[in-house]
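S.K.: Here you go, sequence then predicted model.
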Amino acid sequence: MQQIDINSDEFQAELEKTWHFVEKVNAQFGFVQNPNTEVNEGVAMGLARNKLRYGKRFCPCFMVIGETKEEQKKADNRICPCKPALEKEIPEDGLCHCGIFCTPAYAASQAEHDVIEETVHTHSKGLNQEQAQTLLEEEQLDGDELEALIEARNLGMITFTLVDTREFMEFQMGHIVGTDELVPTSQFYAKVEEVLSGLKNEPIIVYCHTGSRSFQVQHAMKAMGYEKVGNLRPGIIGYSGEIQKG
C-alpha cells in the first residue's frame, strides 16, 4: 500500500485542495465546519490521504473496501460528502459521521457547550444562569460539572434535586454536600414515588459510587415518567467537591 508522507509537497498540495473542497461543500449545502478545529484538521488530512492513495476522497472514518477501483465501486464505499451524511446524519444529528460538516445550529450549540466545558474544567468563577441551565439539561455529568451546578444552585440561578442512590451505610460514610434525598437502589421502587413523586417535571440528578447503579436508576425513572434526570457519570469517586459524613 502506498505510504503517504504528510510533510511532502505532494500531500500539502492535496491538503490545500481538500480545504477548498470543504469550503465548496459548505457553500453548496449551507453547512459550516465543526467548532472543534482538531476534528476538522484530522478529517481533512484523512480525505487528502485517501485522494492520493485511491484517487477519490473516500470517507476517512470508514475502511475502504476493495483492492481495485472496480471492487471499491462495487463495495459502495462512502465518498465525501457521502449520501448517508447528506440524507440522514446531518438532517437528524446536525453533523456528519466524521464531524467536519455541521448545520449552523449544531455548530452554535456545540460552541456554547465547549465554552461551558472550559468554564467548569478550568475552575473559573463559575457559570452564568444561561450556561447553568444548559448544563443542567445534560444527561451525563462529570464531577466538575456537578460541582459547578451545585454552586449555581447555591447562588439561586437554577433548581434541581440531588439524589444519592447508594445504601444508607454508604451515605453515612460520606455523601456529596447538597444531597437532598437518599433513595437506595435496593429499595428503589418502594421509595422513589414516596420521595420524588411530585418532581416528575423537575430536574433531578442521581449519583452512586461509580455511576453504574445511578445510571440504571436514571433509566428506570425515565421509564416511570420522570422527564429530566441527569446522572453523575463517574459517581462520587469522581467528585472532587465537598463531602460530608453522617
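M.R.: In hand now; what should we look at? Predicted model only: the values in this text are computed from it and were never measured.

S.K.: in the longest helix anywhere in the chain, what counts as buried?
M.R.: Identified as the longest helix of the chain according to DSSP state H is helix 9-29. Using 16 or more other CB atoms under 10 Å as the test for burial, helix 9-29 gives Phe11, Glu14, Leu15, Thr18, Phe21, Val22, Val25, Asn26. For glycine as for every other residue, the C-beta is placed from the backbone atoms N, C-alpha and C.

S.K.: For the nearest residue to the last one once chain neighbours are set aside, grab the count of nearby residues.
M.R.: With CB to CB, 6 or more residues apart in numbering as the measure, Val32 is the residue that lies nearest to Asn26, at 6.1 Å, once sequence neighbours are left out. Each residue near Val32 was counted by other CB atoms under 10 Å, and the total is 15.

S.K.: so Val32 touches Thr103, yeah?
M.R.: Yes - counting by CB atoms under 8 Å, Val32 touches Thr103, with 7.4 Å between them.

S.K.: Thought Val32 was touching Ala107, still the case?
M.R.: Yes - Ala107 lies in contact with Val32 (CB under 8 Å); the separation is 4.8 Å.

S.K.: Per the annotation, how does the protein divide into domains?
M.R.: 9-102, 127-244 (automatic domain parsing).

S.K.: Those domains into TSV, with extra columns for mean pLDDT and distance to Ile116?
M.R.: TSV is the format used below for the domains of the chain (pLDDT from 0 to 100; distance: least, CB to CB, whole Å):
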stretch	mean pLDDT	distance to Ile116
domain 9-102	93	13
domain 127-244	94	5
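
S.K.: For Asp114, which of those is the nearest?
M.R.: For Asp114, the closest of the domains of the chain is domain 9-102, at 6.3 Å, according to CB to CB.

S.K.: now do the same end-to-end measure for that closest one.
M.R.: 30 Å (CA to CA, to the nearest Å).

S.K.: before we move on, what about stretch 131-147?
M.R.: First-to-last residue span, stretch 131-147, CA to CA: 14 Å.

S.K.: Would you mind measuring from Gly246 to Met173?
M.R.: 9 Å (CB to CB, to the nearest Å).

S.K.: between those two, who's got more neighbours?
M.R.: Comparing Gly246 with Met173 by neighbour count (other CB under 10 Å), the higher total belongs to Met173, at 13 against 7.
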